[in-house]
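Colleague: have a look; sequence and predicted model below, questions after that.
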Amino acid sequence: MTPETTSATCPVCELPLVFSIERQKTLTCSNGHRFDAAKQGYFNFLTGKGTNFLEDTAPMVQAREDFQAKGHYAPLAQRLAELINQHHHRDVLDILDAGAGTGYYLGEVLTATASTTHDALALDISRYAMRRAAKVPSTLAMVWDVWRRLPTADASRDVVLNCFAPHNPAEFRRVLRPNGLCLVVTGQPDHLHEVIEPLGMLSVAEGKQEILVEKFGGEQLEHMASENLSYTMKLDSVDLYNLAFMGPAGHHLSPQILRDKATSLGQQEVTASFGVHIFSPQA
Ligand SMILES: C[S@@+](CC[C@H](N)C(=O)[O-])C[C@H]1O[C@@H](n2cnc3c(N)ncnc32)[C@H](O)[C@@H]1O
Ligand SMILES: [Zn+2]
């Protein structure tokens, strides 16, 4: 079978990766480094390397998928797609999602963008997240640590998406095309404020916008704009359980205690409050 090129690069030697042997099953570079897909379709590039990070577990990823499937964060996904459509006018959209989780935003954005062809890389440290992301059409899902060199060539991406996940601005800058777009989503201080304490969640608010802008500016990513997106969600006890369990507190919370807390809270109106930060490479 003729090897098929991909837009990914080898995590060992940085040469381009091609599919070989059987389409979608094995990636190789011309130095002979070889990566076999897991049976769920994702590639684990961290094998044998070890990592200090705690990956999101299968139940945490399931909770995230169930919560997102109810559409509670759909306004954010829609806004991300609008921003990409306003900025990007090519038929082909090359996009990288750093810390992609289930691939929810990536999938929604690919569906909603005007481009007809998509080439997407989803990266996340969690194998369970990448099992889900591997199902997003036109997407290569890779278990990878976004603090390391990203497995894609210089200036190969139109868009870098980075939602509630670790930032690596130097690498985002390297992989973006000169007119590319980097969209970073953070939780605002009032995000989910009504239920953080009652559900024993950790606050998701991140550092101030100025700190983000300074950090990205230091890597030649120019701050184009930031916007706040805020609305009220009506959440039932299942949603509340999923919301708490899908976040960092999911590593520590007992499912049974959390279920009891969510049940006793019942229906709640909860604030969703996001910061959407838009960066572009400086000339
Ligand atoms: C709060 S979740 C957000 C996931 C997704 N972007 C979303 O909004 O649904 C944070 C994600 O970052 C991933 N993550 C944490 N540290 C990481 C790292 N060093 N490299 C890659 N992914 C990481 C976690 O596994 C998790 O899926
Ligand atoms: Zn290689």
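Modeller: Received the coordinates, thanks. Ligands and ions are numbered 1, 2, ... in the order given.

Colleague: next up, the contacts around Asn44.
Modeller: 35, 38, 127, 130, 142-143 (C-beta atoms under 8 Å, 6 or more residues apart in numbering). C-beta here means a position set from N, CA and C on the backbone, and glycine is covered the same way.

Colleague: now with 6 Å, please.
Modeller: The neighbours of Asn44, taking C-beta atoms under 6 Å, 6 or more residues apart in numbering as the test, are Val143.

Colleague: gap between it and Leu123?
Modeller: As judged by C-beta to C-beta, to the nearest Å, Asn44 and Leu123 stand 12 Å apart.

Colleague: got it, and Leu243?
Modeller: Counting by C-beta to C-beta, the gap from Leu243 to Leu123 is 24 Å.

Colleague: now do the contacts for Ser203.
Modeller: With contact taken as C-beta under 6 Å, 6+ apart, Ser203 is in contact with Ile196.

Colleague: count of residues packed around the closest residue to ligand 1 within the stretch 1-150 of the chain?
Modeller: Going by C-beta to the nearest ligand atom, ligand 1 is nearest to Gly101 of the stretch 1-150 of the chain, at 2.6 Å. Residue crowding around Gly101 was assessed by other C-beta atoms under 10 Å; the count is 26.

Colleague: surely it and Ala129 touch.
Modeller: Yes: using C-beta atoms under 6 Å, Gly101 is in contact with Ala129, at 5.0 Å.

Colleague: near ligand 2, which residues of the stretch 1-150 of the chain are found?
Modeller: Contact residues, the stretch 1-150 of the chain versus ligand 2 (C-beta under 5 Å from the ion): 10, 12-13, 29, 31, 33.

Colleague: now do 6 Å
Modeller: 10, 12-13, 15, 29, 31, 33 (C-beta under 6 Å from the ion).

Colleague: out of those, who's nearest Arg79?
Modeller: For those, the residue nearest Arg79 by C-beta to C-beta is Cys10; the value is 34.9 Å.
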